[in-house]
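# Any chance you could fold what I've pasted below:
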Amino acid sequence: MSEEPNALKTANTTAEEVFKWFNRIFDELAIVKEVAIVFLDKANDAVIVEENCIGISKSFVKQLYLFAYKLMLEVVKGKQCTFENEAAITSTRCVVLLCPDCCTAWNIRKDLMLMKYIIDYKQELNLTKLVLQKQPKSSESFSHRRWLLNQIFKVTPNSNMQPNSVLKMLLKKKKLNTLAVALKFKRFEWEIINNEMSVSHEAARMHPSNYTAWSHRVWVIDCLIFPSAIVSHKDSNVFVKSLHKELIDGLKWTEYNVSDYSCMSYLEHIVLCLVLAHFINPLNTSDVINLDDILTTALEHNSDLLRLYNGKHEALWVHRRAIFKIYHTVLHRLCSVEEPSYKDHRNVKLDLKEKFSFCTEEFFCKNIPKNCFCLRHLSTFKQRVYPR
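You can find the predicted model right below:
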């Protein structure tokens, strides 16, 4: 790379030449840290490279994209016979970097991977990461990441693995050993999972209320962490610790993003996962966190934020009702199941009864400055969470 110029001039340069130069640089770099559209001081600079980052001149983006898109369509239609697979790889890469919502390009890349023309899954994950740096809410990029994870771990999302489905099975008194067999699942590398959490966290940081990023995080929990947390084996407490860490990190996030309900919805999902893990695998789960601490921690953290902001953020009130609902519906319904192993859980429910009572909630609301959100919370609370 040291012998190559660090910029390509547009004077007398065709779109095809820029396209080839861009892809050659992309392939030669050991790792590309960023691909960005930039405003260049020199009007005739098309592409620049600096510290493993590639910059494309804004004035040249349209020509580059149109050339790559046309080439991609020619490959699909079979008109491009020379270096067909290479053209498909380079053209689709260029298209998704410049227009992440192009489903056709992502689907072609999936086909190329299935046909083994693209074999490096980590590089493909890095490509989607580069896209998310520019478009943190790109649903197609997150969808492609999930497809890649399914290919890597051979995971087929099973409805039995979803927390709500597991809850239904428990309420129907399904035998725990049958449930454990249904959810048994291969071990995987924590490095890739941690990378998924890091990428989704960065996407959420770059764009407020990023529902797409938090939904992707829920998928990772449901398909890769939660199933192994509830199956009894020697490493199950490691997965429970991961869920607990997600709870603590999520609570910290809400302190700086009090109007971001996307994160709070994710936290409710984590609380539900931990509660179910306690019922299914109580020994390993209790070593990490007690059942009463799960709900108490979430509720008290929410109370502190409401006091701090005088109840002026509706997302906090909606989140509060969701925590109460987990206690009054999930915990209450599970404790009503005639299962001898649930005796300790029924004691926990009784211990938390006063803290999650309607009278206690009324008293809490009286100490919050009256506003429309607080009044609406009490009204909705009576109707949906704690009907008399």
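# Distance check, L272 against S265.
11 Å (Cβ to Cβ, to the nearest Å). Heads up, the C-betas are built off the backbone N, CA and C, glycines and all.
# Also V76?
As for V76, its distance to S265 is 38 Å (criterion: Cβ to Cβ).
# Repeat that for T380.
Per Cβ to Cβ, T380 is found 16 Å from S265.
# The two: who's more crowded?
When neighbours are counted by other Cβ atoms under 10 Å, S265 comes out ahead of the other of T380 and S265, with 17 against 13.
# so who does the residue nearest to F39 when sequence neighbours are not counted touch?
In this structure, F39 finds its nearest non-sequential neighbour in K58, 5.7 Å apart by Cβ to Cβ, 6 or more residues apart in numbering. Residues near K58 by Cβ atoms under 8 Å, 6 or more residues apart in numbering: 37-40.
# ditto for C102
69, 95-96, 140.
# Check L274 too.
Contacts were defined as Cβ under 8 Å, 6+ apart; by that measure L274 touches 240, 243-244, 247, 285, 289, 294.
# Between which two of the residues you listed is the distance greatest?
Taking Cβ to Cβ, the two most distant members of the contacts of L274 are L247 and T285; they sit 12.5 Å apart.
# Of those two, which one has the most company?
Neighbours per residue (other Cβ under 10 Å) separate L247 from T285, with T285 holding more: 27 against 20.
# Convert stretch 57-65 to CSV, retaining C-alpha atoms only.
What follows is the C-alpha trace of stretch 57-65 in CSV, where atoms were taken according to Å, rounded to 0.1, in the frame of the first residue of the first chain:
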residue,chain,number,x,y,z
SER,A,57,-16.2,11.9,-2.4
LYS,A,58,-19.8,12.9,-2.1
SER,A,59,-19.7,14.3,-5.6
PHE,A,60,-18.8,10.9,-7.0
VAL,A,61,-21.2,8.7,-5.0
LYS,A,62,-24.0,8.7,-7.5
GLN,A,63,-21.8,7.6,-10.5
LEU,A,64,-20.2,4.9,-8.4
TYR,A,65,-23.5,3.5,-7.1
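# Figure out how far that stretch is from the centre of its chain.
Once both centres are worked out by Cα atoms, centre = their mean, to the nearest Å, stretch 57-65 turns out to sit 31 Å from its chain's centre.
# which parts of that stretch are buried?
57, 60, 63-65 (16 or more other Cβ atoms under 10 Å).
# need those residues in JSON lines with distance to L331, can you?
Converted to JSON lines, the buried residues of stretch 57-65 look like this (distance: Cβ to Cβ, whole Å):
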{"residue": "S57", "distance to L331": "58"}
{"residue": "F60", "distance to L331": "59"}
{"residue": "Q63", "distance to L331": "60"}
{"residue": "L64", "distance to L331": "56"}
{"residue": "Y65", "distance to L331": "53"}
